[in-house]
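Asker: Return atomic coordinates for the entry below.
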Amino acid sequence: MPDVDVCVVGAGPVGLTLAIALRGLGLGVRIVDRAPAAKREARALVLWPRALEALDSLGVAGILRRNAVELARVTIHGRGRRLGELTTGWHRSAHNRPVNIEQHDIERLLCAELAGRGTEVEWDTEVTDVKVHEDRAEFTLTRPDGTAESGTAAWIVGCEGTASVVRDRLGIPFEGRRRTGLQVVQGNAHPEWPLGEQQGHGHIFLAPRRSLLAFPLPDGAYRFFCFRDDPDPALTAPPTLDELRDLVADTARMPRLRLTPPERPWLNRARFSDRIATRLRHGRGLLAGDAAHAWAPVGGHGMNVGMLGAHNLAWKLAAVHRGEADDRILDTYDTEQRALAVRYVREMRLNFMELPLPPLGYRAFSATVPVVLALRGFQRRLDRQLSDLGRNHRHSALSWQRSTPGLVRERGPRAGDRMPDIRVRSGGPAAGPVRLHTLLRYDAWTLLVDAARAADPAVRRSLEERCRRGPVPLRLLPVTPADAAEARLFGRPGDLRLVRPDGYVGLVAPVARPEALDAYLVTLAPRRPDAHPPSAPSAPGASSPQSFSSPSPSSPPPSDTAQ
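Answerer: Take a look at the predicted model:
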């Protein structure tokens, strides 16, 4: 018998998120980190709305928000003048704006939350060897005094960063290349500048061959990121405060700018590679976070994508471990998360708002900024992209569209989309509206049906019976959209929507065709070795997946579609 259900290697934001999610699902977790204690250096900064929704479903978003500053708008500057302003919060969510919080504060708070759930991080403990077998994973732990300990777990997940021992021992290549011509100079400081200190107000300054971001911190200081060219690749020493001041003053055209270090000074110079593991699963060993994928911090989504991956993985791992789902469901974590990483690597190479541009490109781009920022439609689309609310898993083997998508005015989610956080009534006509996401649960699938359709006793009995005999925890939730606008986002009332524990729609099918639900649930169930996967019913324009196989994420990924 393994010593523990899951061994998580690495106690950064991703490893802690995974451990908290697994503990909430009732699994025993051991989490180790080779660092001597929680890290104190500043690194990642922004939590975007979709990651906050995921953390909220685990019960930890509130404590993070209370220690963060909400980012409401960002002013774009160029040539010493204001070009326009980006605003956030355009879309329906309880967390529709990003928040700024230092990564070391995230780790500190999540460590405390995990300890409250009965699991302490084992610091100063390095995993030096890993072997996976059909029924367990074996690992060796080494401590600073040289003592070694052998342990076993049903599963092991490497979340320990780009130099992952778990990935290396599993023999998984980390493919990609170094990003040349780009360095990031960053630091925390209190600026004395004519812009003042406005809570929740960030700035981006554009200039030839560099881009400067200044985002407010909870303590009143600012984090300055300067993406610039790399004239001296041999220079690796951290920048001085004077170097940072000169970069900020020159880029922002503020020659009299002064920077004062905060109570805990931090300055950093970094160069990056874009790399993605060729697979995220090898039997009972898995990868998450920077051990699975890493890229330059353009856009500030690396930590968020890793945390969303942990959110995607935990419920699948728990379902397989409890015998509720076939272990091939873990392969969908691999394909979904790698496809997401591929999209980000490609998109961030085209992020001209942050990437340094040559003089001609800078002039052309800065001339277009005032025009596009004046368009509400552009603001909505950009906010949706940055927030990650529009990211989808439409090409996943877990996404079955068995109802023909509606017209533009019927903007309900398709299979693979995040279920919108619309306002609904679930307790009858007299009940007040609530946000739909407050009714979803991370420990169960949710079958969403329009309450008027579920009012038919025969329909309700049929759906409840299917929920009871399903292999996974599944609950029926009849709801009524609060108004016509919410109804359009909910989709056609004649369709049922099977929502995964992580909030994405797995199945869309007509209520009148419950056999589509039967076929979907059968594919989740653990199968006998000699069993053949059933075929799924088809619908006009819909494919019929026969198993958990899906297209390789190394092929061109689909674009994300805003709703």
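Asker: And for A444, the neighbour number?
Answerer: If you count neighbours by other C-beta atoms under 10 Å, A444 ends up with 17. (C-beta placed from N, C-alpha, C; glycine too.)
Asker: Equivalent analysis for R79, please.
Answerer: Neighbours around R79, by other C-beta under 10 Å: 12.
Asker: got it, and S211?
Answerer: That count, for S211 with other C-beta under 10 Å as the rule, works out to 22.
Asker: quick one: strands adjacent to the helix or strand containing it?
Answerer: Taking DSSP states H and E as the definition, S211 sits inside strand 210-216. Strand 210-216 sits in its sheet next to strand 201-207 (antiparallel), strand 222-228 (antiparallel), going by DSSP bridges.
Asker: can you redo those as JSON lines with mean pLDDT and distance to T180?
Answerer: JSON lines is the format used below for the strands paired with strand 210-216 (pLDDT from 0 to 100; distance: least, C-beta to C-beta, whole Å):
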{"stretch": "strand 201-207", "mean pLDDT": "95", "distance to T180": "20"}
{"stretch": "strand 222-228", "mean pLDDT": "93", "distance to T180": "13"}
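Asker: which residue ranges form the helices in the stretch 251-400 of the chain?
Answerer: 302-321, 329-348, 359-373, 376-387 (DSSP state H, counting those that start in this stretch).
Asker: which stretch among those helices comes nearest R81?
Answerer: helix 359-373 (9.7 Å; C-beta to C-beta).
Asker: And the average pLDDT for the strand holding S211 is what?
Answerer: Mean per-residue pLDDT for strand 210-216: 94.
Asker: Please list the residues outside it that contact it.
Answerer: Applying C-beta atoms under 8 Å, 6 or more residues apart in numbering, the contact partners of strand 210-216 are 45-46, 69, 71, 100, 191, 197-205, 222-229, 247-248, 251-252, 353-357.
Asker: Same question for stretch 62-71.
Answerer: Contacts for stretch 62-71 (C-beta under 8 Å, 6+ apart): 46-47, 52, 55-56, 88, 95, 97-101, 105-106, 109, 113, 199-200, 202, 215-218.
Asker: Run the chain-centre distance for stretch 451-469.
Answerer: 34 Å (C-alpha atoms, centre = their mean, to the nearest Å).
Asker: same deal with stretch 24-43?
Answerer: That offset, for stretch 24-43, works out to 18 Å (C-alpha atoms, centre = their mean).
Asker: now stretch 102-111
Answerer: With C-alpha atoms, centre = their mean, you get 17 Å for stretch 102-111.
Asker: And stretch 84-94, what's buried?
Answerer: G84, L86, T88, G89, W90, H91, R92, S93 (16 or more other C-beta atoms under 10 Å).
Asker: Next one, pLDDT for the last one please.
Answerer: The model reports S93 with a pLDDT of 96.
Asker: nearest residue to it other than its sequence neighbours?
Answerer: Leaving aside its chain neighbours, S93 sits nearest to D421 (4.7 Å; criterion: C-beta to C-beta, 6 or more residues apart in numbering).
Asker: Format the helices of the stretch 251-400 of the chain as JSON lines; extra columns: mean neighbour count.
Answerer: Below are the helices of the stretch 251-400 of the chain laid out as JSON lines (neighbours: other C-beta atoms under 10 Å):
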{"stretch": "helix 302-321", "mean neighbour count": "25"}
{"stretch": "helix 329-348", "mean neighbour count": "21"}
{"stretch": "helix 359-373", "mean neighbour count": "14"}
{"stretch": "helix 376-387", "mean neighbour count": "17"}
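Asker: Just send these back as CSV, with distance to R414 and mean pLDDT too.
Answerer: As requested, the helices of the stretch 251-400 of the chain are arranged in CSV below (distance: least, C-beta to C-beta, whole Å; pLDDT from 0 to 100):
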stretch, distance to R414, mean pLDDT
helix 302-321, 18, 97
helix 329-348, 15, 94
helix 359-373, 27, 93
helix 376-387, 15, 93
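Asker: Present these as TSV; the columns should include distance to S273.
Answerer: Below are the helices of the stretch 251-400 of the chain laid out as TSV (distance: least, C-beta to C-beta, whole Å):
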stretch	distance to S273
helix 302-321	12
helix 329-348	10
helix 359-373	23
helix 376-387	23
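Asker: Understood, closing this out.
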